[in-house]
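**Q** take this sequence and fold it.
(2 chains)
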Amino acid sequence: MADFSWDVRSPLDRALVAGPYGVQGDAGVALTEIRNFDLIQVMARRGKAGETAKAAQARFGAAAPETPKTVATADATLIWSGPDQFLVLSKGGKHTMAALAPVFAGSASLSDQSHARALISISGDKARAMLAKLSSVDLHPDVFGVGAAAATSMDHTSVTLWRGDDRNGQAVFNLLVFATFAESLWHTILDSAAEYGATIGHSEDL
Amino acid sequence: MRIICPFCGERELGEFTYLGDAKPQRPAADAGEDAVYDYVYLRDNIAGVMSEHWYHGGGCRAWLKVTRNTLTHEISAVEPTAGAGAAKVGA
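**A** This next block holds a predicted model:
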């Protein structure tokens, strides 16, 4: 029997070239792909939204989001992804499928999305200007503050977008995109960012 | 045209897909061929206020019932359909 070797690699492994991109000089946009995260989709079963909320509260010590926003807990980020559903983003194996399955047994259906999505973190002076070309959601800080989230589309591709904690006084936008669409959206993002100059990298830190 | 999704807020038309008239109800199993034919094929071409099903596939993936004036595109109501957001609709 043939030997197979399954290498776990990022959906952007091929497309992502670390370093500067576009206009030279001070980069207006920083693009960082976050790798090796755990991502579990939690969807309440019909009529079980209350039970799911209770289970989430007990597990995470915080109420799961019921509107488009994120909830930061000690070791996970809960991201609203639709009515009665949210994503659990974490790392280091704390909230894997095996760990969460007993927590939501009978109340919610879980689906492991860890290797099904790519996570892109976008920051910099021109991050919002760049995203404005791709998204019709108003990302002005008055309406899309830290912790705001949206299930929306960019370039006809479904994405989960949320604003993380500011870094160095600048807004950070996080983007989850389906793995098989990641490369396509990545190139669109690069096209969008080129005029501002971008700095590209990847990280293991959420 | 924009639709105010009850879950996501105001979004552009491109995030939504149109299904059609929200009025037809599936006839009972013994309702007869004419009723089924009517349900499957016959549609009113309404010039005015109409109840429609829209799918927010580019967003929260909920099914919505939109009340829209087909002459002016004015949308007077948007509600989640049964099954979308089980807690809100209770169906």
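**Q** next, give phi and psi for the residue lying closest to residue B:74 once chain neighbours are set aside.
**A** Of all residues not flanking residue B:74 in the chain, residue B:68 sits nearest, at 7.1 Å (C-beta to C-beta, 6 or more residues apart in numbering or on different chains). (C-beta placed from N, C-alpha, C; glycine too.) The phi/psi pair for residue B:68 (degrees, to the nearest 10) reads phi -130, psi 140.
**Q** now swap in residue A:190 and tell me
**A** The phi/psi pair for residue A:190 (degrees, to the nearest 10) is phi -60, psi -40.
**Q** follow-up on the earlier one: from what I see, the residue nearest to residue B:74 and residue B:78 are in contact.
**A** No. Counting by C-beta atoms under 8 Å, residue B:68 sits too far from residue B:78 to count as a contact (9.1 Å).
**Q** once you drop chain neighbours, what's closest to the residue nearest the centre of chain B?
**A** Nearest residue to the geometric centre of chain B (C-alpha atoms, centre = their mean): residue B:53, 1.4 Å. Of all residues not flanking residue B:53 in the chain, residue B:19 sits nearest, at 3.9 Å (C-beta to C-beta, 6+ apart).
**Q** contacting residues for the one you found?
**A** Taking C-beta atoms under 8 Å, 6 or more residues apart in numbering or on different chains, we find residue B:19 in contact with B:52-55, B:63.
**Q** just to confirm, which helix or strand has it in it?
**A** According to DSSP states H and E, residue B:19 maps onto strand B:17-21.
**Q** any idea how far that strand is from the middle of the chain?
**A** 6 Å (C-alpha atoms, centre = their mean, to the nearest Å).
**Q** mean confidence (pLDDT) on it, please.
**A** For strand B:17-21, mean pLDDT is 93.
**Q** tell me the strands beside that strand, with direction?
**A** In the sheet, strand B:17-21 lines up against strand B:49-55 (antiparallel) (DSSP bridges).
**Q** tell me if the helix or strand harbouring residue A:118 is near chain B.
**A** Assigned by DSSP H and E, residue A:118 falls within strand A:117-123. No. Using C-beta under 8 Å from any C-beta of the partner chain, strand A:117-123 stays clear of chain B, with a minimum separation of 15.2 Å.
**Q** kindly report the same for stretch A:78-94.
**A** Yes. Counting by C-beta under 8 Å from any C-beta, contacts between stretch A:78-94 and chain B involve A:81-84.
**Q** perfect, I'm done here.
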